[in-house]
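Enquirer: From the sequence below, what's the structure:
(4 chains)
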Protein chains: 2
Amino acid sequence: MVSNTVSFHKFAKRSQNQKIILAAAEKVFAEAGYAGATTQLIADVANLPKANIHYYFKTKEDLYRQVVYNIFDIWMEAASAFDTELGPREALSRYIDKKMDLARTHPYGSKVWATEIIHGAPIIQDYLEGQLLEWSQDRSKHIQRWIENGEMDSIDPAHLLYMIWSTTQHYADFGHQIETLNAGKPYSDAQWQIAKLSVKTIILKGIGLTPS
Amino acid sequence: MVSNTVSFHKFAKRSQNQKIILAAAEKVFAEAGYAGATTQLIADVANLPKANIHYYFKTKEDLYRQVVYNIFDIWMEAASAFDTELGPREALSRYIDKKMDLARTHPYGSKVWATEIIHGAPIIQDYLEGQLLEWSQDRSKHIQRWIENGEMDSIDPAHLLYMIWSTTQHYADFGHQIETLNAGKPYSDAQWQIAKLSVKTIILKGIGLTPS
DNA sequence: AAAAAACTTGACCGTATGGTCAGATATGTA
DNA sequence: TACATATCTGACCATACGGTCAAGTTTTTT
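Expert: As a prediction, the model looks like this:
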């Protein structure tokens, strides 16, 4: 219907421009940091006049908030790959795979998250204390049960999680260093495969499992 | 004052003030990023007037350079703990220990390094292409030899190094997140011991070694 | 003692930044 | 068509920043 189409477009316009701006902002925040990211540069990358950015996002901080929230949501959704029904080998294997994929497909997001945490999480502290804490505690409990059932070695679950997070996100956050040590070239598909396999192999074997 | 005290101070004065400024700058750069770190704030932390900062360091960038260089030097010195004469178990074990110790004692430095890399290493690219590349290639060769001698599992040496770097530095860079998930409290001595042991155990076992 | 060198600092300056706003234009509604 | 609402944008502003400088004070040298 007419009114349907109209209101669809009315919506699309707004959300589409917001998407363009958010993508530009993610990239600029990742590469320049919060303070170093100028609204002018974000506008240039988004190919829009600066005043237009402020039409859709009241302040630079609002825009930054949105960017960080988006990343957290993506990670939280990926975290559901850590399906504790599957048992340790399959659950961890899938989770690591998923995190490695995100390191490749969403490096900017990972970088923004990393600097946010490094700077003391001024914006997303509530997320750390809420959703992340809850999720971590829940998964830790399951890991603990696996250990008690003799399904894997006895390891403090928190440190296992930190190892998975740090190792996988390293391929996004330190991508520039990795590229430099790789003759200045970004990883090929084959190299990403090897990276994924190496990470999975060491971690799974390291806690007493055989990789799938 | 006695003359030898005076002449002791003569020397100490310059380098001592520089040290105070460098320490303040390291902290501020770590917590606010390069662009977010104002010379005024560095001056306040150092408890000196802003103009005095510029007397010892010509520009903010010079100061930043010094900070990053210092960290790199400290890490490179620690890298000598990776003594390939010792064989894989002892060499890797000592290197991980050393890196964990530095994560605890030099968290600001680690954070500055991390953001520098995340932002594409605008300042220290030459170090990456020089010393770091050289060191990595040298150690990779030794790891390769261990593998060929059947002293450890067959793993791409680069990924083993990345795992050690990422995991250990995570305890510095993401210290805020770790603290938040630790009931808001920093790690105790005992908790650091467990962290070190967990990391060593998983990595060493993960590549087919028994922890020492 | 006096000249030189090193250090300290408040006041100042040009620039770049985040944000505003009024007016123009496009889009949807009746 | 006439009206209303959403979108766009150049020009503008107050503020905060890195850096300078001249006038001082302290320290070292002769």
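Enquirer: Tell me, how many residues neighbour the residue lying closest to A:Gln125 once chain neighbours are set aside?
Expert: Distances taken as CB to CB, 6 or more residues apart in numbering or on different chains put B:Thr180 closest to A:Gln125, at 7.3 Å, once the chain neighbours are dropped. Just so you know, the C-beta spots here come from the backbone N, C-alpha and C atoms, and that holds for glycine as well. Residues within reach of B:Thr180, counting by other CB atoms under 10 Å in any protein chain shown, total 21.
Enquirer: Remind me which helix or strand B:Thr180 belongs to.
Expert: helix B:175-181 (DSSP states H and E).
Enquirer: close to chain A, is whatever helix or strand comes next after that helix?
Expert: Counting by DSSP H and E, the next helix or strand C-terminal to helix B:175-181 is helix B:189-206. Yes - shown here: helix B:189-206 in contact with chain A (CB under 8 Å from any CB of the partner chain) through B:Ile194, B:Ala195, B:Ser198, B:Val199, B:Thr201, B:Ile202, B:Ile203, B:Leu204, B:Lys205, B:Gly206.
Enquirer: tell me which of those is nearest to A:Glu61?
Expert: A:Glu61 has its nearest neighbour among the residues of helix B:189-206 next to chain A in B:Ala195, at 33.9 Å by CB to CB.
Enquirer: Hmm, the closest one is touching B:Met100, no?
Expert: Yes - if you go by CB atoms under 8 Å, B:Ala195 and B:Met100 touch, sitting 6.9 Å apart.
Enquirer: intersection of neighbour lists for these two?
Expert: Counting by CB atoms under 8 Å, 6 or more residues apart in numbering or on different chains, the shared contacts of B:Ala195 and B:Met100 are B:Tyr171.
Enquirer: can you tell me which residues contact the residue nearest to A:Gln125?
Expert: A:Ala121, A:Gln125, A:Leu128, A:Glu129, A:Leu132, A:Leu133.
Enquirer: Looking at the residues you listed, which one is closest to DNA strand D?
Expert: Each of these was scored against DNA strand D by CB to the nearest atom of the strand, and A:Ala121 proved nearest at 20.6 Å.
Enquirer: which SS class is the closest one?
Expert: Here A:Ala121 is recorded as coil under DSSP: H, G, I helix; E, B strand; the rest coil.
Enquirer: Let me see the contact set for it.
Expert: Applying CB under 8 Å, 6+ apart, we find A:Ala121 in contact with A:Leu128, B:His176, B:Gln177, B:Thr180.
Enquirer: cool, A:Ile20 as well?
Expert: If you count contacts by CB under 8 Å, 6+ apart, A:Ile20 has them with A:Ala46, A:Asn47, A:Leu48.
Enquirer: Check the gap between the first one and B:Tyr187 for me.
Expert: Okay, so that is A:Ala46. Note on A:Ala46: its distance to B:Tyr187, by CB to CB, to the nearest Å, is 42 Å.
Enquirer: Give the residue from the two that has the larger number of neighbours.
Expert: More crowded of A:Ala46 and B:Tyr187, by other CB under 10 Å: A:Ala46, with 22 against 16.
Enquirer: hang on, isn't A:Ile74 packed against A:Asp101?
Expert: No - A:Ile74 is beyond contact range of A:Asp101, at 11.0 Å (criterion: CB under 8 Å).
Enquirer: Show me the shaky parts of chain A.
Expert: Applying pLDDT under 70 to chain A picks out residues A:1-12, A:211-212.
Enquirer: Break down it into its helices, ranges please.
Expert: Ranges of helices in chain A, per DSSP state H, are A:2-36, A:39-46, A:50-56, A:60-79, A:88-105, A:107-118, A:125-127, A:133-148, A:157-173, A:175-181, A:189-206.
Enquirer: about what we covered before: what two of the contacts of B:Thr180 are the furthest from one another?
Expert: So, the contacts of B:Thr180 by CB to CB: farthest apart are A:Ala121 and A:Leu133, at 12.3 Å.
Enquirer: List the residues that contact the nearest residue to A:Trp192 once chain neighbours are set aside.
Expert: Nearest residue to A:Trp192, sequence neighbours excluded (CB to CB, 6+ apart): A:Arg104, at 6.0 Å. Taking CB under 8 Å, 6+ apart as the criterion, A:Arg104 is in contact with A:Tyr171, A:Ala172, A:Tyr187, A:Trp192.
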